[in-house]
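Chemist: the sequence and its predicted three-dimensional model are supplied below.
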Protein chains: 2
Amino acid sequence: MSTTALELSASLEDYLEAIYQVIAERGEARAKDIADRLSVAASSVTNALQGLVKRDLINHEPYDLITLTNEGERVARDVVHRHEVLANFFTEVLSVDEKTATDCACKMEHIVGDVILERLIAYIEYNRQSGNGNATWVEGKGFVQDA
Amino acid sequence: MSTTALELSASLEDYLEAIYQVIAERGEARAKDIADRLSVAASSVTNALQGLVKRDLINHEPYDLITLTNEGERVARDVVHRHEVLANFFTEVLSVDEKTATDCACKMEHIVGDVILERLIAYIEYNRQSGNGNATWVEGKGFVQDA
DNA sequence: ACCTTTTTTTAGTCATAGCTAAAATAGAGC
DNA sequence: GCTCTATTTTAGCTATGACTAAAAAAAGGT
């Protein structure tokens, strides 16, 4: 009897990530914090919480605090990790500004698979370590070899 | 009186792209072709076509052939362009296999903004032109400077 | 302890986007 | 021209995920 694992939508991943971050910042997470952070209505949060409970990613009794299950914490860390690698790549390698990098990473973090993520990590690392200088974006010139 | 342009979802962009490609390949596009290419039911195509007509991206009378409006052609080319740049980046720079590259590009093409796309294009170009050799992924070693 | 304010939940609506089944239309063969 | 088949559309259902408004619960101030 294989219980086909309920899939996690981009939307629910966003909620899970927000919960993880609020807990990291404030020590605890209430629905209001999540609503504020994601700029959605409080009722949308309640709705999402039910989805996350159903998937055993959070613990949540009505009107109570929200905590992450072990699995939830694992998945949340993974999403955050993806986000960080992507944002890092955009800023470090492509010399894109913070906001643009963050915005794009927020959407891509739900999409990029393991292989490409692994390559990005390796590529950033390679870029950082290579002794012979790296390319940087120069407005009007494109990528130019560093001095 | 500003007519707020109807937004184009990722889904509709996929349909538009498929229409563009089918026309490019076969000279004309019928609903069946689109359904086959996207692996969706015929009725889902009809539905999407109505959305694209409403946005003035295609011309389509019931039971008739599908053609692109000028705007539709412009948008379709743009999506295809994004797809190609992304897939190219994955294969050329990150040395990822075709299928992985294509799959990820298919999802990212709806997300990536102009700035990052421009940088990717420049980065690929820089990589291609730089005389001092480029990095390539070597299994078990990571990125290694080309000979 | 009680009243007010804030938070959370419930209930009900809407849009997107997929599906199946059935009806309508078009096209091909005879 | 009629009939059979393939295509397309309509109608109706599903799920997700947003919203508002109203009800319920919790928290704070005096």
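Modeler: Structure's in. What do you need?
Chemist: CA atoms for contacts and neighbours, from now on please.
Modeler: OK.
Chemist: pull out the buried positions in the helix ranked longest in chain A.
Modeler: For chain A, the helix with the greatest residue count under DSSP state H is helix A:70-88. Of the residues in helix A:70-88, those with enough neighbours to count as buried (16 or more other CA atoms under 10 Å in any protein chain shown) are A:72-73, A:75-77, A:79-80, A:82-88.
Chemist: keep only those that also lie close to DNA strand D.
Modeler: Taking CA under 7 Å from any atom of the strand, there is no overlap between the buried residues of helix A:70-88 and the neighbourhood of DNA strand D.
Chemist: closest one to A:A122 out of these, please.
Modeler: The shortest separation between A:A122 and any of those is 10.3 Å, and it belongs to A:V85 (by CA to CA).
Chemist: so what's the closest one closest to, chain neighbours aside?
Modeler: Setting aside the residues directly before and after it, A:V85 is nearest to A:I121 in space (CA to CA, 6 or more residues apart in numbering or on different chains), at 6.6 Å.
Chemist: next, that neighbour: phi, psi?
Modeler: Dihedral pair for A:I121: phi -60, psi -50, per degrees, to the nearest 10.
Chemist: distance of it relative to A:S11?
Modeler: Between A:I121 and A:S11 the distance is 25 Å, computed by CA to CA, to the nearest Å.
Chemist: these two: which is more packed in?
Modeler: Neighbour comparison, A:I121 and A:S11: the larger count goes to A:I121, with 17 against 11 (by other CA atoms under 10 Å in any protein chain shown).
Chemist: so what pLDDT did the more buried one get?
Modeler: For A:I121, the pLDDT comes out at 94.
Chemist: would you agree it is in contact with A:H83?
Modeler: No - under the criterion of CA atoms under 8 Å, A:I121 makes no contact with A:H83, lying 11.8 Å away.
Chemist: backbone torsions only: list them for A:E139.
Modeler: Torsion angles, degrees, to the nearest 10, at A:E139: phi -50, psi 130.
Chemist: number of residues surrounding it?
Modeler: Applying the criterion other CA under 10 Å, we find 8 residues in the vicinity of A:E139.
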